[in-house]
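Visitor: sequence and predicted structure below; questions after.
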Amino acid sequence: MSHEPRPRTVVGCILLVIALGAVASACGSNGNPLSARPYDATDQISFNGPKGDGKKADPDKPLEVTATDDDEPITDVIAVDGSGRYVAGELAADGSRWHSTEPLAADAHYTVRVSTEDDDGAPGRRVLAFDTGRPTAKKTLTVEFGPDKGEYGVGQPITAKLSRPVKDPAQRAVVERALKVDSTPSVQGAWYWVDDKELHYRPKEYWPAHAAIRVHSNLDGIKVGDRLWGTRTKDLKLTIGERIIAVTDASSHSMTVYRNDEEINSIPVTTGKPGFETRNGVKVILGKEYFVRMRGTTVGIAEGSSDSYDLPVYYATRVTWSGEYVHAAPWSVGSQGYENVSHGCTGMSTSNAEWFFDTVHQGDVVKVVNSYGDTMETFGNGFGDWNLAWDKWRDGSALTGGKQQPAQEPSRLRPESV
């Protein structure tokens, strides 16, 4: 071996302690070979890094560290890049080999600290350093985070739209592991793969009021798949406003609005009549429109029929892309609080609609209960993300999930229903 001296007298020291009844010995450092100064394990460790000055490692290939002597196994490997990001890896049970289990970044500097031990338990160390080259990939993967920067309600999901489809589970895991959502205060959350090009992120519960959120990606320079590399993504910063939740009870024809869990208003409403029942479940406010022209023909109602309408609608708060709103309905004030007569929207008096319009913001929650309608679609017609139980939501993660829930298609309603 190349390291001298080699401590080989552990057994002898133990016998000496027993024989003399001593409380300490001069073997190693206090008789413990693990506290001895590590020997140079250069000749006992090899790796598949670049050979020669100026050479760079291929980031396409995993990093491999190998013990050249069966009697001196690897005990630990710590690999970190110049920005302090650690590389995940796996060590063989017998300590003969360690290999990285996630892609290396391109055009980066790495330091690898390898720990070994000899057959007497004495520690050895080798420090490796190398650079990776630039990727030669022909394809790049970009990510666009949403929504836009600003303040949102407690129900607002985070979206990540990919420039290319990612179908392979292992590649999805690489992407998802690199997409980070940090919040203050911290919350438990997870990504869900809506389809091959879009992910949604939500906490287990609604966001805390006044939370600060930062969304960022570590995909830049990371290999995702064959000739597919991640690129830089612009960070996203959001803030969460007060906790505004509106609960519409279709059976009692009323909406109760809560701010920070305290009731601030109770409003008589009308919801969808038979054949046009309002969807049950949690919806997230998508936007507000002061004026919308709503026509029955856009939802398949024949012009001139008993259900036909063509109306100017004010203070319209949108909750689905297919045309469900909370809005002013002065024509149905006599039914509000008593009967459901709308074509799927939640109608109220003009003054109440104006108050609601001024009180809520994008991302606030509107929940409908006790309707005979279907449950709000999870995806594709707005944000129905909260209608999935947390364990089902985690099933949609490439890191924690099993079988993924299919995305639902938008329902029959189109952009203007009353």
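Guide: Arrived safely. Numbers count the residues shown, from 1 in each chain.
Visitor: in stretch 355-375, what counts as buried?
Guide: Within stretch 355-375, the residues scored as buried using 16 or more other Cβ atoms under 10 Å are 355-357, 359-368, 371, 373. All C-beta atoms are positioned from the backbone trio N, CA, C, and that covers glycine.
Visitor: what's the end-to-end length of it?
Guide: According to Cα to Cα, to the nearest Å, stretch 355-375 extends 27 Å from its N-terminal end residue to its C-terminal end residue.
Visitor: and what of stretch 218-233?
Guide: As for stretch 218-233, its first-to-last residue distance stands at 8 Å under the measure Cα to Cα.
Visitor: other residues contacting it?
Guide: 59-60, 85, 103-108, 135-145, 164, 166, 168, 171, 174-175, 178-180, 216-217 (Cβ atoms under 8 Å, 6 or more residues apart in numbering).
Visitor: any quick PyMOL command for the buried ones out of the residues you listed?
Guide: Applied in PyMOL, the following selects the buried portion of the contacts of stretch 218-233 according to 16+ other Cβ under 10 Å:
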select buried, resi 59+60+103+104+105+106+108+135+137+140+141+142+143+145+166+171+174+175+178+179+216+217
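Visitor: sitting in strands, which of the contacts of stretch 218-233 do you find?
Guide: 139-141, 143-145, 179-180, 216-217 (DSSP state E).
Visitor: can you tell me how far Phe357 sits from Glu205?
Guide: The span separating Phe357 from Glu205 equals 27 Å under the rule Cβ to Cβ, to the nearest Å.
Visitor: before we move on, what about Pro123?
Guide: Distance, Pro123 to Glu205, using Cβ to Cβ: 47 Å.
Visitor: neighbour count winner among those two?
Guide: For Pro123 against Glu205, the residue with the higher neighbour count under other Cβ atoms under 10 Å is Pro123, and the figures read 18 against 12.
Visitor: re the thing from before, just give me the closest of the buried residues of stretch 355-375 to Ser335.
Guide: The closest of the buried residues of stretch 355-375 to Ser335 turns out to be Ser371 (Cβ to Cβ; 15.5 Å).
Visitor: once you drop chain neighbours, what's closest to that closest one?
Guide: Beyond its immediate neighbours in the sequence, the residue positioned closest to Ser371 (Cβ to Cβ, 6 or more residues apart in numbering) is Ala250, lying 3.7 Å away.
Visitor: the one you found reaches Cys345, doesn't it?
Guide: No. With contact defined as Cβ atoms under 8 Å, Ala250 does not count as touching Cys345 (11.9 Å).
Visitor: which neighbours do the two share?
Guide: Contact with both Ala250 and Cys345 is made by residues 271-272, 278, according to Cβ under 8 Å, 6+ apart.
Visitor: neighbour-wise, which one of those residues leads?
Guide: Of all the shared contacts of Ala250 and Cys345, the highest neighbour tally under other Cβ under 10 Å goes to Thr271, namely 30 neighbours.
Visitor: so of the buried residues of stretch 355-375, which ones are in strands?
Guide: 365-368.
Visitor: that older thread, nearest to Gly401 among the ones in strands among the contacts of stretch 218-233?
Guide: Of all the ones in strands among the contacts of stretch 218-233, Gly401 sits closest to Leu179, with 14.8 Å by Cβ to Cβ.
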